[in-house]
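> Pasting a predicted model and its sequence here:
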Amino acid sequence: MSPTPEHDEAFFRRLVDSASDLIVVLDGEGRVAFANPSVGRVLGYAPESVLGRSAFELVHPDDLATVEEAIATEFAGKTSVWYIEIRMRAADGEWVPLEVKGRRDRTSPTPRIVVHARDLRERRRVEHALRDQYAWTRALVDASPLAIVTLDEAQTVTFWNPVAERLFGWTAQEVLGRPLPIWEPDAAVEGERIHQVLTEGQSFSMYEGRRRRRDGRFVDVSISLAPLRDAEGAIRGVIKTLSDIGQQKQLEHRFRQAEQLDATGRLAGGIAHDFNNLLGTIVTSASLIREELPTGSPLLADADAILEAARRANVLTRQLRTVGRRHASRPRRLALDAAVAAIEVEGRAKLPVGVRSTFSAGAPEVHVVADPEQLREAVLQLVANAADAMPNGGQLALETRVLRLVGADAAASEVHPGTYALVAISDTGVGMPPDVLERCFEPFFTTKQRRDNPGLGLAAAYAIARQFGGGLVASSEPGIGTTMRLYVPVAADEAPRRTSQELPAYSGRATETVLLVEDDATFRAVVKRALTQHGYTVLDAAAGAEALLVHEQHPGTIDLLVTDLVMPDISGRELALRLRPLRPGLRVLYMSGYSADVLRGAGGLNAHEAFIQKPFAPADFVGAVRGLLDVLA
């Protein structure tokens, strides 16, 4: 049996009543002729309460013109269906956003429009939440220190964040929708990994590589890859993160280089210490021989030649000790600009023709604590090195200024965070290629062909800077020039330290008794001879234990202990500590090829102690002995 018209009407009425959208029929005046139950669910009005009311009364004033225009256009026959978004007032006063579709009922003999309206509140809530989520995610990505790149299944770029722009030089507009431009030099390996991510869902974490920048240079990066999946879990692309590890690798390299320099320096310092004992014997013996030769003796020239050779050898051993940080340091408070200005004047006088020098003082009233002679040696070495780099002439510039170095700046300058005085020496010379620049502070490394250059100058300057508690950093470009930056910590007040060089010389006869302790028999013999020639009674021992035995067997006074700092059994410092309670008033003169910093680390020198650096001339040594006995009595 076919449905009756009454049955069809009831069926369609049920459809209209059960619809979630508002279904409203408006007459030609815009009055409501029909409203389904959703009017109550969405706007809170009972359907019968809106019948006969003008729909325009419920439309937001700002949207009224839009509604009137849509209806007028429909009745004019200019369109068959229209879509607009408006707001209508609910029974509780809320303005409810609606998506409205209207169509004229052309079957009706009188003008009327059938309107479908959908509540947009849930959609707007979801859209707003999605916008917030996108904004949050985008802010997170933009704030990330990592370069973030995404690729689709065709391996073209679909996302390129600001860090990627800065790291590689291409803007997002230049790479989006195109193949990734940074694969070189291992494009095949990278391509295979991305293929594995896309086909197998495999991830790769933090592998290192080099990637090409827009300017053609390469950057060291740490890379991670992971699949991008859609809501169903299907792989739709690859997300790639890259972090710049260039500075980290540079710091790692500098750390390894510093370890190598320290190891080489310790070796050089050890060699210098042993050689110092031999050199001390040569200097002292030659000096004693010369004193006994009659005026006009042809052997005087031979003795002078020995002493001159020893002097030159002493310069070499001093550099070796400096490299090994075993050179005696006598730091004091220095006005930096005044000190560097004096050094610049001295260095300028030694510059070859064609090399011009300027000095820019930028650290007024700034003081550092440094050994003035070591500062002079370091700066003059850097000036000489700069001059050698300009065989055809050029400009050499010295400047000083004060810097506060923290974080990455301190790490790049190879110093601890703090305030430093900078002495910069720049030249317009030939510059250094990267392989030479990398090794320029290595002991014995040199590109100069002169036979008198052992390759210790820059190594010594570097060691001096480290001994000051600062650093020395080089930057260079072939064909442009080189800048050496010497960092010295700005000084706090520090009491001056007394050294043997501040003691007066002495040439008279003595009556005191000296206990001499030195493990090198040859050197001990010549030192003993220098003391006895000036009237001292000398008790000698080869080691600390033997010295204690000599002390026990000697009933008389011992006025002075002269001891090597480093001995096979007990140190000179420990020997002095054991003897002083047994010999009240005992004075101590320490000898060593090592730096006096060894003593400072153990508490420094007290009022009855002094230190003399090996090798030394007999006159300096005897003067130090006399001064310690007289001045500090």
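Noted; the coordinates are in hand.
> mind listing what's buried in the helix or strand where residue 223 lies?
Here residue 223, judged by DSSP states H and E, is contained in strand 218-229. Neighbour-count burial for strand 218-229 flags 219-223, 225, 227-228 (criterion: 16 or more other CB atoms under 10 Å). Heads up, the C-betas are built off the backbone N, CA and C, glycines and all.
> Could you list every helix and strand in contact with that strand?
For strand 218-229, the contact count by 3 or more CB pairs under 8 Å, 6 or more residues apart in numbering; DSSP states H and E identifies helix 162-168, helix 187-200, strand 204-212, strand 235-244, helix 246-292 as packing neighbours.
> cutoff 10 Å now
Counting contacts by 3 or more CB pairs under 10 Å, 6 or more residues apart in numbering; DSSP states H and E, strand 218-229 is packed against strand 147-152, helix 162-168, helix 187-200, strand 204-212, strand 235-244, helix 246-292.
> next structured bit after the second one?
The reference is to helix 162-168. helix 172-175.
> in that next one, what's buried?
Neighbour-count burial for helix 172-175 flags residue 175 (criterion: 16+ other CB under 10 Å).
> chain center to the strand holding residue 223, what's the gap?
Remark: strand 218-229 is offset 24 Å from the chain centroid, using CA atoms, centre = their mean, to the nearest Å.
> how near is the residue nearest to residue 480 when sequence neighbours are not counted to residue 472?
Leaving aside its sequence neighbours, residue 480 sits nearest to residue 431 (CB to CB, 6 or more residues apart in numbering; 5.4 Å). Going from residue 431 to residue 472 by CB to CB, to the nearest Å gives 17 Å.
> swap in residue 190?
Distance check for residue 190 against residue 472: by CB to CB, it reads 39 Å.
> Name the residue in those two with the higher neighbour count.
Legend: neighbour count by other CB atoms under 10 Å for residue 190 and residue 472, higher for residue 472 (25 against 21).
> Now do residue 272, the pLDDT please.
Note on residue 272: pLDDT of 64.
> next one: residue 250
Reading off the confidence values, residue 250 has pLDDT 69.
> try residue 610
So residue 610 comes in at 86 (pLDDT).
> so where's the stretch 501-633 of the chain uncertain?
Where the stretch 501-633 of the chain drops to pLDDT under 70, the residues are 501-508, 593-604, 631-633.
> Apply 90 and report the result again.
Along the stretch 501-633 of the chain, the parts satisfying pLDDT under 90 run over 501-511, 519-527, 529-530, 533-534, 564-571, 573, 584-585, 591-624, 626-633.
> mind listing the strands for it?
Applying DSSP state E, counting those that start in this stretch to the stretch 501-633 of the chain gives strands spanning 513-517, 537-541, 560-564, 587-592, 609-613.
> Who does the third one pair with, and is each partner parallel or antiparallel?
Yep, that's strand 560-564 we're talking about. strand 513-517 (parallel), strand 587-592 (parallel) (DSSP bridges).
> residues of that strand that come out buried?
For strand 560-564, a neighbour-count test (16+ other CB under 10 Å) marks 560-564 as buried.
> ok, so of those, who is nearest residue 245?
The shortest gap between residue 245 and any of the buried residues of strand 560-564 belongs to residue 564, at 48.9 Å (CB to CB).
> so what's the closest one up against?
Residues in contact with residue 564 (CB atoms under 10 Å, 6 or more residues apart in numbering) are 277, 516-520, 523-524, 527, 542-544, 571-572, 575, 590-594, 614.
> Go again with 7 Å.
Shown in contact with residue 564 (CB atoms under 7 Å, 6 or more residues apart in numbering): 517-519, 572, 591-592.
> hmm, which of those residues are the buried ones?
So, of the contacts of residue 564, 517-519, 572, 591-592 end up buried under the neighbour-count rule (16+ other CB under 10 Å).
> can you put the residues you listed in JSON lines and add distance to residue 101?
Formatted as JSON lines, the buried ones among the contacts of residue 564 follow (distance: CB to CB, whole Å):
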{"residue": "517", "distance to residue 101": "110"}
{"residue": "518", "distance to residue 101": "109"}
{"residue": "519", "distance to residue 101": "107"}
{"residue": "572", "distance to residue 101": "103"}
{"residue": "591", "distance to residue 101": "105"}
{"residue": "592", "distance to residue 101": "100"}
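> Just give me the closest of the residues you listed to residue 552.
Minimum separation from residue 552 among the buried ones among the contacts of residue 564 (CB to CB) is found for residue 517, which lies at 14.3 Å.
> Which parts of the stretch 251-400 of the chain are strands?
Under DSSP E, counting those that start in this stretch, the stretch 251-400 of the chain gives strands at 332-335, 355-360, 367-370, 394-405.
> Can you say which of the ones you listed is nearest to residue 39?
strand 394-405 (71.9 Å).
> who's in contact with the closest one?
336-337, 340, 344, 355-363, 366, 383, 386-387, 413, 415, 417-429, 490.
> Out of those, which end up buried?
Using 16+ other CB under 10 Å, the buried members of the contacts of strand 394-405 are 336-337, 340, 344, 355, 357, 359, 361, 363, 366, 383, 386-387, 413, 415, 420-429, 490.
> so of these, which ones are in helices?
336-337, 340, 344, 383, 386-387 (DSSP state H).
> follow-up on the earlier one: between the contacts of residue 564, which sits nearest residue 86?
Taking CB to CB as the measure, residue 86 sits nearest to residue 592 out of the contacts of residue 564, at 96.1 Å.
> and the gap between that closest one and residue 573?
To residue 573, residue 592 is 10 Å away according to CB to CB.
> Lowest-scoring secondary structure element of this protein by mean pLDDT?
Least confident element among the helices and strands of the chain, by mean pLDDT, DSSP states H and E: helix 597-601 (a mean of 53).
> before we move on, the earlier item: just say which of the strands of the stretch 251-400 of the chain is most tucked in.
Mean neighbour count (mean count of other CB atoms under 10 Å) peaks for strand 367-370 among those, with a mean of 22.
> average model confidence for that one?
On average, strand 367-370 scores 87.
> Please convert the strands of the stretch 251-400 of the chain to a markdown table, extending it with distance to residue 39.
Output for the strands of the stretch 251-400 of the chain, formatted as a markdown table (distance: least, CB to CB, whole Å):
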| stretch | distance to residue 39 |
| --- | --- |
| strand 332-335 | 91 |
| strand 355-360 | 85 |
| strand 367-370 | 87 |
| strand 394-405 | 72 |
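> wait, which of those is closest to residue 247?
Closest approach to residue 247 among the strands of the stretch 251-400 of the chain (CB to CB): strand 394-405, 14.9 Å.
> just the helices in the stretch 451-600 of the chain please.
Listed in chain order, the helices of the stretch 451-600 of the chain (DSSP state H, counting those that start in this stretch) span 457-467, 521-533, 544-553, 572-579, 597-601.
> Disregarding residues adjacent in the polypeptide, which is nearest to residue 365?
In space, and not counting its chain neighbours, residue 365 is closest to residue 335: 7.5 Å by CB to CB, 6+ apart.
> With residue 371 as the reference, measure out to the one you found.
Distance, residue 335 to residue 371, by CB to CB: 15 Å.
> Ok, residue 85 next?
82 Å.
> Settle it for me: which of the two has more neighbours?
The neighbour comparison of residue 85 against residue 371 (other CB under 10 Å) goes to residue 371, with 19 against 13.
> Quick check: the more buried one touching residue 330?
Yes - at 5.0 Å, residue 371 and residue 330 qualify as touching, with contact defined as CB atoms under 7 Å.
> Would you check how far apart residue 232 and residue 520 are?
Distance from residue 232 to residue 520, by CB to CB: 85 Å.
> which one of the two has more residues nearby?
Legend: neighbour count by other CB under 10 Å for residue 232 and residue 520, higher for residue 520 (19 against 6).
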